[in-house]
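Novice: give me the fold of what follows.
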Amino acid sequence: MFSLPNIALLGAAQGLMLALAIVSISYGNRRANMILALFIAVLSLRLGVIGLEYQTDSENRYPEALFVLLHLSYAIGPLLYGYVRLLVQPHWRLRAVHLWHFLPVPLAVLMLMPGGPVVDIETAQFTSFDSLPPYIKTRVALASTPVFVSLLVYSVLALRLMRPYQQAIKEQFSALENINLDWLKALVWCCMSIAAISFVTELYRALGDGDFGPRAVYSVVFSVLLIYYIGLMGLRQPQIFDQGERHSETADTAAPDATASQPAMASTEPEQERKPEAATDKYQKSGLSDERVEALWQKLGQLMDEQQPYLQPGIKLGELAQMVGTRPNYLSQVINSRAGESFFDYINRHRIEEAAVLLREQPERSVSDIALATGFGSQNVFNGHFKKRLGVTPTQYRKRPK
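Specialist: Residues are numbered from 1 along each chain as shown. Okay, the predicted model is just below:
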């Protein structure tokens, strides 16, 4: 029941159903959904081919044309990169010039077909990779390494794309638990690790005559794990952006654009990919004078003292800007230049300061109650912020002598 072919075929079936489910979603970032579905479909097709290959004997082999689907592996890297890009830059447009990223797929088909320049023999007579002649085994193993190099490169590029996103959400949100895309970073890191391990394994298999067991084991295990990870983690991401907030911002806002999002399927982007800038350079063209900045800073301070808006769970930059009576990008400029920190850090600093007072003045209240009362979504998140700022846990802080 739990043989390699059965695991591969089961993973393929689950993956194809997951891909169809994602395609059927009618909301959110549908272009990103489509790329994710293609990514899962390619993994599933590879699993299906591997499962069929290991399920059949030498006398009942499937047509070798079926195994051309294995060369779709060269599309995994570009699809992963495209998915990440559409998550963090939902207005990015796929153009014809971008199709060159998928050129290795037909090239691999031509180069690695039986009787071609690499595999210059009829492979139907051989039942497995291990039964191939030694010189062909070396060629096939070496020819497999570029696909892992490709996945490694695209994984690194995907991680680089996510850096501006991480900073952008700190400029608009006070709570990041559901929008930091940690699950996606874990997926990319997983792909990068798989690529590195597979590259080294194939290289050693080709040049060092190493024996790591059936080649398909790694492919099957890694692919099934990726499919189940996406299904269990990606689809659990909640909706994170509010369309109404987006409409309240003007076209010249310096804050990142926000768009509706659903399960692992959509996110936000900075309107332009920007290099890190000093605060004085970043807002030179904002049109906000130093006098106006100071006036807004004073107004913000008064609001924070009197109304304590930071106690509102999940308060966003746009909501606070409306209370102050200014644009979100102007308020972001004021906070960055005067407080020297992001909106996220600014709000949570006030929350921790208020929590510290409550911990001392109201010893009868539980830590979890104070966490919720000061705007945090959970005690775990509160504990993390508290220890990061004050160096001790809330419980330890409360036990300190006054």
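
Novice: who are the packing partners of the helix or strand where Cys191 lies?
Specialist: Using DSSP states H and E, Cys191 sits within helix 182-207. Here helix 182-207 touches helix 76-88, helix 134-170, helix 215-233, going by 3 or more Cβ pairs under 8 Å, 6 or more residues apart in numbering; DSSP states H and E. The C-beta positions use only the backbone N, C-alpha and C, and glycine is treated the same way.

Novice: avg pLDDT for it?
Specialist: Across helix 182-207, the average pLDDT comes to 85.

Novice: now it: buried residues?
Specialist: Applying a neighbour-count criterion of 16 or more other Cβ atoms under 10 Å, the buried positions in helix 182-207 are 183-184, 187-188, 191-192, 194-195, 198-199, 201-203, 205-206.

Novice: return the closest of those residues with respect to Leu317.
Specialist: Nearest to Leu317 among the buried residues of helix 182-207: Leu184, at 22.6 Å, using Cβ to Cβ.

Novice: Leu87 is in contact with the closest one, correct?
Specialist: Yes. Counting by Cβ atoms under 8 Å, Leu184 touches Leu87, with 6.8 Å between them.

Novice: what about this structure, any weak spots by pLDDT?
Specialist: The chain contains residues with pLDDT under 70 at 1-2, 55-67, 114-116, 118-132, 135, 140, 178, 208-216, 234-287, 402.

Novice: nearest residue to the middle of it?
Specialist: Centroid check for the chain by Cα atoms, centre = their mean gives Leu184 as the closest residue, at 2.5 Å.

Novice: the closest residue to Pro146 other than its chain neighbours: how many residues sit nearby?
Specialist: With sequence-adjacent residues excluded and distances taken as Cβ to Cβ, 6 or more residues apart in numbering, Pro146 is closest to Pro104, at 7.2 Å. The number of residues packed near Pro104 is 19, by other Cβ atoms under 10 Å.

Novice: ok, Pro104 - contacts?
Specialist: Pro104 makes contacts with 74, 146-147, 150, as judged by Cβ atoms under 8 Å, 6 or more residues apart in numbering.

Novice: max pairwise distance over these: which two?
Specialist: Farthest apart among those by Cβ to Cβ are Tyr74 and Pro146. That separation is 7.8 Å.

Novice: what do those two both touch?
Specialist: 104, 108.

Novice: neighbour count for those two, which is higher?
Specialist: A count of neighbours by other Cβ under 10 Å puts Tyr74 above the other of Tyr74 and Pro146, at 22 against 17.

Novice: list the contacts for that one?
Specialist: 102, 104-105, 108, 146-147, 150.

Novice: by neighbour count, which of those residues wins?
Specialist: Val147 (24 neighbours).

Novice: isn't that residue right next to Leu70, touching?
Specialist: No. Using Cβ under 8 Å, Val147 is not in contact with Leu70; the gap is 9.5 Å.

Novice: report the contact partners of Ile194.
Specialist: Here Ile194 is in contact with 151, 222, 226 (Cβ under 8 Å, 6+ apart).

Novice: count of neighbours near Leu16?
Specialist: Counted with other Cβ under 10 Å, residues neighbouring Leu16 total 19.

Novice: what's the helix or strand for it?
Specialist: Using DSSP H and E, Leu16 sits within helix 4-23.

Novice: next structured bit after that helix?
Specialist: helix 30-55.

Novice: next, the buried residues of that following helix.
Specialist: 31-54.

Novice: picking that back up, looking at the helices and strands packed on helix 182-207, which is buried most?
Specialist: Comparing the helices and strands packed on helix 182-207 by mean neighbour count (mean count of other Cβ atoms under 10 Å), helix 76-88 ranks first with a mean of 24.

Novice: count of neighbours near Leu20?
Specialist: Neighbour count for Leu20, taken as other Cβ under 10 Å: 12.

Novice: now it, nearest residue through space, not along the chain?
Specialist: Using Cβ to Cβ, 6+ apart, the closest residue to Leu20 is Ala37 (7.6 Å).

Novice: my guess is the one you found meets Val23, correct?
Specialist: Yes. Applying Cβ under 8 Å, one finds Ala37 in contact with Val23, separated by 4.8 Å.

Novice: ok, back up a step: now, which of the contacts of Pro104 sits nearest Asn383?
Specialist: Looking across the contacts of Pro104 and measuring by Cβ to Cβ, the closest to Asn383 is Ser150, at 41.6 Å.
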